[in-house]
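Chemist: Give the three-dimensional model of this entry:
(one chain, ligands or ions: 1)
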Amino acid sequence: MAQVILVLNSGSSSIKFTLYSESNVQLSGQISGLGAVPRLSLKSETNETRIDRALSSGEGTHAGALRALLPVLEQELAGRSVDAVGHRVVHGGVEHAAPVLISDDVFDALKTLEPLAPLHQPHNLAGIAASREAFPEAVQTACFDTAFHRNHPWVNDTFALPRPLYDEGVRRYGFHGLSYEYICRYLQQTSPETYSGKVVVAHLGNGASMCAIRNGQSIGSTMGFTALDGLPMGTRCGQLDPGVVLYLLATKGMSADEVSDLLYKNSGLKGLSGISQDMRTLTESSDPKAAEAIDYFVFRIRRELGAMAAVLGGLDTVVFTGGIGENSALIRQKVCDDQDWLGLAIDEAKNRTRTEDISGVESRIKVLVIPTNEEETIRRHTAELLSEVSAN
Ligand code: ADP
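Modeler: Residues are numbered from 1 along each chain as shown. Below you'll find the predicted structure:
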């Protein structure tokens, strides 16, 4: 019988889900508005909306949301049951360089990492707890955004802080690993030569980071100890002189919670523009502050691109992915403008129509736009772990 795998991505206000029969998407959707006005929307495998309805307020918790989803899945599965649930978990800490089966011990260990990813980890774990209750017979797996980077070189793993801090886990973890892994596997399958070369992937969404990759291995990434570092994001500040944090605490007398809110929720594109965290809104705005926020976003990407080319000792391919990377021709254009020195140029028409390969004819470096699919990475790992469990 075909394996049934449910992939869950549990956030603070939504649970996104994809149901697979073997490797085929059977349906996908989300329960949004958790904690406020919950709503279930469901799409078929051909992306047609099948359900879009309000849920009761009692269904507005992670547990309530999965209870609401159960009968929908049961109807869809017509007698079959969910064999495994694969969860996206943002932080796997030092321990996890690969996905794992979730036991009580694993769950408790992941809970200790909550302070390292306060925007995501608590909600990822709430989703796991709810799923273990809703699908007690199913194998549950955790797939980590940090795992892809665990074998990166030591120089990218450390800060220049006293050694005991490194030993207790104050390290650069890097995130968006499930996305980078998807892109690497896609390249491996479609263009082995590109896969084994020097690649920079720019995952540009609400959260944004870049990763230097050689032969499918993470060499360096822009995110660090938490998902705050590196590129500016929708609401997160990205790279920041730690002296600014000291100033906020000591001189302005802000509390740690206030600083955390400022850096995670009110900075980045939103803080700079004072208008919105949403790139589409900013690109459509005529306010100069929107343009400045975009300029800063692009500046940081270009700076990291040059740094990564230096770290890799050359560059063969740049991949754009994530909501902005996949959809914004303007941002891709601005990032690639005047990069002839690097041997990088894009074809404007291809960029506008968004073919997969948008490289200019004279470009030595290949420039690709590849839609990411983190769910597929989670499905694949979960299927592998399920096969191991079934074999034992
Ligand atoms: P998340 O990190 O939450 O998964 P996404 O990858 O969905 O985020 O990316 C969301 C971002 O993509 C938003 O800033 C949104 O405005 C932007 N985006 C989506 N489509 C476009 C577009 N056509 N032009 C510019 N930005 C876009």
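
Chemist: And the strands in the stretch 51-200 of the chain?
Modeler: 84-89, 100-101, 139-144, 198-204 (DSSP state E, counting those that start in this stretch).

Chemist: Take the ones you listed and lay them out in a markdown table including distance to residue 53, mean neighbour count and mean pLDDT.
Modeler: C-beta: built from backbone N, CA, C; applies to glycine. Output for the strands of the stretch 51-200 of the chain, formatted as a markdown table (distance: least, Cβ to Cβ, whole Å; neighbours: other Cβ atoms under 10 Å; pLDDT from 0 to 100):
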| stretch | distance to residue 53 | mean neighbour count | mean pLDDT |
| --- | --- | --- | --- |
| strand 84-89 | 23 | 26 | 97 |
| strand 100-101 | 34 | 18 | 98 |
| strand 139-144 | 27 | 25 | 98 |
| strand 198-204 | 32 | 26 | 98 |
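
Chemist: Quick one: closest of those strands to residue 119.
Modeler: strand 84-89 (13.2 Å; Cβ to Cβ).

Chemist: Distance check, the one residue in the stretch 1-150 of the chain that gets nearest to the ligand against residue 117.
Modeler: Closest residue of the stretch 1-150 of the chain to the ligand, Cβ to the nearest ligand atom: residue 11 (8.3 Å). Per Cβ to Cβ, to the nearest Å, residue 11 is found 12 Å from residue 117.

Chemist: Compare the two and say which is more crowded by neighbours.
Modeler: residue 117 (22 against 19; other Cβ atoms under 10 Å).

Chemist: The more buried one and residue 226 touch, don't they?
Modeler: Yes - using Cβ atoms under 8 Å, residue 117 is in contact with residue 226, at 6.2 Å.

Chemist: Quick check: the residue nearest to residue 275 when sequence neighbours are not counted vs residue 311, distance?
Modeler: Nearest residue to residue 275, sequence neighbours excluded (Cβ to Cβ, 6 or more residues apart in numbering): residue 290, at 5.5 Å. According to Cβ to Cβ, residue 290 and residue 311 sit 32 Å apart.

Chemist: cool, residue 72 as well?
Modeler: 47 Å.

Chemist: now swap in residue 101 and tell me
Modeler: For residue 101, the distance to residue 311 - Cβ to Cβ - is 35 Å.

Chemist: Show me what residue of the stretch 151-300 of the chain gets nearest to the ligand.
Modeler: residue 205 (2.4 Å).

Chemist: Could I get the phi/psi values of that residue?
Modeler: Per-residue torsions, residue 205: phi -130, psi -150 (degrees, to the nearest 10).

Chemist: which residues does it contact?
Modeler: When contacts are counted by Cβ atoms under 8 Å, 6 or more residues apart in numbering, residue 205 touches 322-325.

Chemist: Can you give me the buried ones in the helix or strand where residue 264 lies?
Modeler: Using DSSP states H and E, residue 264 sits within helix 256-265. Using 16 or more other Cβ atoms under 10 Å as the test for burial, helix 256-265 gives 260, 262-264.

Chemist: That helix and the ligand in contact?
Modeler: No - between helix 256-265 and the ligand, judged by Cβ under 6 Å from any ligand atom, nothing touches; the nearest distance is 13.7 Å.

Chemist: contact partners of that helix?
Modeler: If you take Cβ under 8 Å, 6+ apart as the criterion, helix 256-265 is touched by 118-119, 228, 235-237, 240, 245, 248-249, 254, 271.

Chemist: are any of those residues buried, and which?
Modeler: Buried, going by 16+ other Cβ under 10 Å: 119, 228, 235-237, 245, 248, 254, 271, out of the contacts of helix 256-265.

Chemist: do you know how far residue 34 is from residue 260?
Modeler: Taking Cβ to Cβ as the measure, residue 34 falls 21 Å from residue 260.

Chemist: and the stretch 251-392 of the chain, which of its residues are near the ligand?
Modeler: 278-280, 283, 322-324, 327-328.

Chemist: Need the three-state assignment for residue 276.
Modeler: coil (DSSP: H, G, I helix; E, B strand; the rest coil).
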